[in-house]
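**Student:** This is the structure alone, sequence omitted:
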């Protein structure tokens, strides 16, 4: 009719394919746009998280210098943190308590003085150690032990201990240490002459804990109020070069070189001056007058009259 051609099936198929192609292109564009926005939002969130991390981390960044000091004699190395206060070494209260308990136990365990053994050392060792550790101390001072300190040094000599360093083990920030390594130097002191001579150097390794429910008497609780207990104790020889020991003889020799020959040493602070030994050799020499009390003017004394020898 009117000379118009009807659409053939091929034309309809071509038109349908063209429409489907346009729909496919539009769908792909929408998916790509949606995917791009998703990536953009994820990048924005990650950037915000990274900026927040830098905001919290940057104030914590600081340069902390450390000074490592080594002892030329003992070889002991200590690490010191350089802070604003170079005079006062600040430590926590728990560290100070641990150092005090470890030092008290080591001094009582390794030193020897017959006058102080039963007075305090024995009580300190037994109140601060477990029965297993205390049994070793009992065997050391047993009468059947030929190498006991009393058999070697008796009552005229004593063993004095100097602590060189205390290093804790197994501790950290907010965590109490479980042990300590102590380096000590022992010397033999002669009570008769007042001379000390170096004996040896030891490395003490110990493990300790605190038992709050420990049953003790009132006197033992005064000695060990926090329930400090040494659970393991070992002593090894330290073969490092020992530092020079300041003996009383060397101190007296240094004092003599400072005051010069033939001069009397100055009296110590808070002590009265000692009389000249020449006064005891010459009985006729006059003794020095006692100092007058404050506020009292001493009276003038006339010179002594000469002694006329009798015929």
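**Tutor:** Sure thing, it's come through. Treat the numbers as computed from the prediction; the structure is a model and nothing was measured.

**Student:** what's the longest helix seen in the chain packed up against?
**Tutor:** Identified as the longest helix of the chain according to DSSP state H is helix 9-57. Counting contacts by 3 or more C-beta pairs under 8 Å, 6 or more residues apart in numbering; DSSP states H and E, helix 9-57 is packed against no other helix or strand. For the C-beta atoms, the positions are set from N, CA and C on the backbone; glycine is no exception.

**Student:** please begin residue numbering at 59 from this point
**Tutor:** Okay, residue one is now 59; in that scheme the one you just asked about reads as helix 67-115.

**Student:** next helix or strand past it?
**Tutor:** As assigned by DSSP states H and E, the chain's next helix or strand after helix 67-115 is strand 124-128.

**Student:** and that following strand, what's its mean pLDDT?
**Tutor:** Mean per-residue pLDDT for strand 124-128: 73.

**Student:** Adjacent strands (with direction) for that strand?
**Tutor:** Sheet pairing for strand 124-128, assigned by DSSP bridges, gives strand 135-139 (antiparallel).

**Student:** do you know how far the nearest residue to residue 292 once chain neighbours are set aside is from residue 284?
**Tutor:** Leaving aside its sequence neighbours, residue 292 sits nearest to residue 263 (C-beta to C-beta, 6 or more residues apart in numbering; 4.8 Å). According to C-beta to C-beta, to the nearest Å, residue 263 stands 22 Å off from residue 284.

**Student:** End to end on stretch 280-292, go ahead and measure it.
**Tutor:** 26 Å (C-alpha to C-alpha, to the nearest Å).

**Student:** ok so, going back, what separation do you get for the residue nearest to residue 292 and residue 223?
**Tutor:** 13 Å.

**Student:** Enumerate every residue touching residue 197.
**Tutor:** Taking C-beta atoms under 8 Å, 6 or more residues apart in numbering, we find residue 197 in contact with residue 203.

**Student:** one more time with 10 Å, if that's ok
**Tutor:** 203, 206 (C-beta atoms under 10 Å, 6 or more residues apart in numbering).

**Student:** Need phi/psi at it.
**Tutor:** With angles defined as degrees, to the nearest 10, residue 197 sits at phi -70, psi -30.

**Student:** Got the confidence number for it?
**Tutor:** Model confidence at residue 197, given as pLDDT, is 92.

**Student:** Next, the contact list for residue 102, please.
**Tutor:** Residue 102 touches nothing, counting by C-beta under 10 Å, 6+ apart.

**Student:** May I have the beta-bridge partners of residue 187?
**Tutor:** Beta-bridge pairing for residue 187 (DSSP bridges): residue 288.

**Student:** Just give the number of residues close to residue 209.
**Tutor:** 11 (other C-beta atoms under 10 Å).

**Student:** From residue 244, how far out is it?
**Tutor:** Using C-beta to C-beta, residue 209 is found at 17 Å from residue 244.

**Student:** Okay, buried residues for the longest strand along the chain please.
**Tutor:** The single longest strand within the chain, with elements called by DSSP state E, is strand 253-268. Residues 254, 257, 259, 260, 261, 262, 264, 265, 266 are the ones in strand 253-268 that count as buried (16 or more other C-beta atoms under 10 Å).

**Student:** these two touch, right, the fifth one and residue 224?
**Tutor:** Okay, so that is residue 261. No - under the criterion of C-beta atoms under 10 Å, residue 261 makes no contact with residue 224, lying 11.6 Å away.

**Student:** okay, and the common contacts of those two?
**Tutor:** In contact with both residue 261 and residue 224: 239, 240, 241, 242, using C-beta under 10 Å, 6+ apart.
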